[in-house]
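*Asks:* what follows is a predicted structure for the sequence shown.
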Amino acid sequence: MHREITEVTDRPPQLMDQLLEVWECSVRATHLFLSAGEVAEIKPYVPLALREVPHLMVAWRGDGTPAGFMGIDGQKLEMLFLAPEERGRGLGKKLVRYGMERFGIREVTVNEQNPQARGFYEHMGFHVCQRWELDEQGRPYPSLKMQL
């Protein structure tokens with residue numbers, strides 16, 4: 001499985017729609033602590049985050065559709081989402097390594113209630129250095145700051 005990764009600077013509506021679909025499918029598969037209503041509440045904010053993140057990398061399938069994406073601000077990985085069928089196939093590692101090599105990623109925040117994400121980042125060399133009771137938007141989801 002070869003997935004080309006590119007940084008996208010032009011963020012047209014069609015691409016934003018495709019990334020939003022990847023986000024929603026990924027969240028429904030991995031963020032089991034969120035209800036359908038909570039996912040629906042968060043969803044309208046995702047396009048804004050996608051437009052505003054300074055560096056947006058997309059991993060492309062051979063047919064030109066996104067298989068996953070990540071957003072980086074400074075040395076912080078702000079977002080990483082994969083289409084569910086891509087999980088466990090090395091794409092997440094490939095994206096994070098790309099971010100480490102090209103952007104010097106050193107930090108990520110994960111939901112404590114998403115143990116698969118925590119385990120993935122620990123496997124990538126991150127460790128928990130701080131915990132908050134609320135997520136970055138002030139919702140009651142404990143969050144973990146992880147650093148290399």
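*Replies:* Perfect, I can see it now. Numbering: from 1, shown residues only.
*Asks:* number of nearby residues for Leu82?
*Replies:* Number of residues near Leu82 (other Cβ atoms under 10 Å) recorded here: 25. For glycine as for every other residue, the C-beta is placed from the backbone atoms N, C-alpha and C.
*Asks:* beta partners of the residue nearest to it when sequence neighbours are not counted?
*Replies:* Spatial nearest neighbour of Leu82, excluding adjacent residues (Cβ to Cβ, 6 or more residues apart in numbering): Gly68 at 3.7 Å. Beta-bridge pairing of Gly68 under DSSP bridges involves Ala59, Leu82.
*Asks:* Gly68 and Gly74, how far apart?
*Replies:* Counting by Cβ to Cβ, to the nearest Å, the gap from Gly68 to Gly74 is 21 Å.
*Asks:* in terms of neighbours, single out the busier of those two.
*Replies:* In this view Gly68 and Gly74 are compared by other Cβ under 10 Å, and Gly68 has more residues nearby, 25 against 12.
*Asks:* residues in contact with the more buried one?
*Replies:* 3, 22, 26, 58-59, 80-83, 86, 91-92, 95 (Cβ atoms under 8 Å, 6 or more residues apart in numbering).
*Asks:* make it 10 Å
*Replies:* 3, 5, 19, 22-23, 26, 57-61, 80-83, 86-87, 91-92, 94-95 (Cβ atoms under 10 Å, 6 or more residues apart in numbering).
*Asks:* just the buried residues of these.
*Replies:* In those, burial by neighbour count holds for 3, 5, 19, 22-23, 26, 57-60, 80-83, 86-87, 91-92, 94-95, counting by 16 or more other Cβ atoms under 10 Å.
*Asks:* inside strands: which ones of those residues?
*Replies:* The members of these that map onto strands under DSSP state E are 5, 57-60, 80-82.
*Asks:* now the nearest residue to Met79 once chain neighbours are set aside, what are its backbone angles?
*Replies:* Of all residues not flanking Met79 in the chain, Gly71 sits nearest, at 4.3 Å (Cβ to Cβ, 6+ apart). Main-chain dihedrals, Gly71, degrees, to the nearest 10: phi -120, psi 140.
*Asks:* quick one: contacts for Gly71?
*Replies:* Gly71 makes contacts with 19, 49-50, 52-57, 77-81, 99, as judged by Cβ under 10 Å, 6+ apart.
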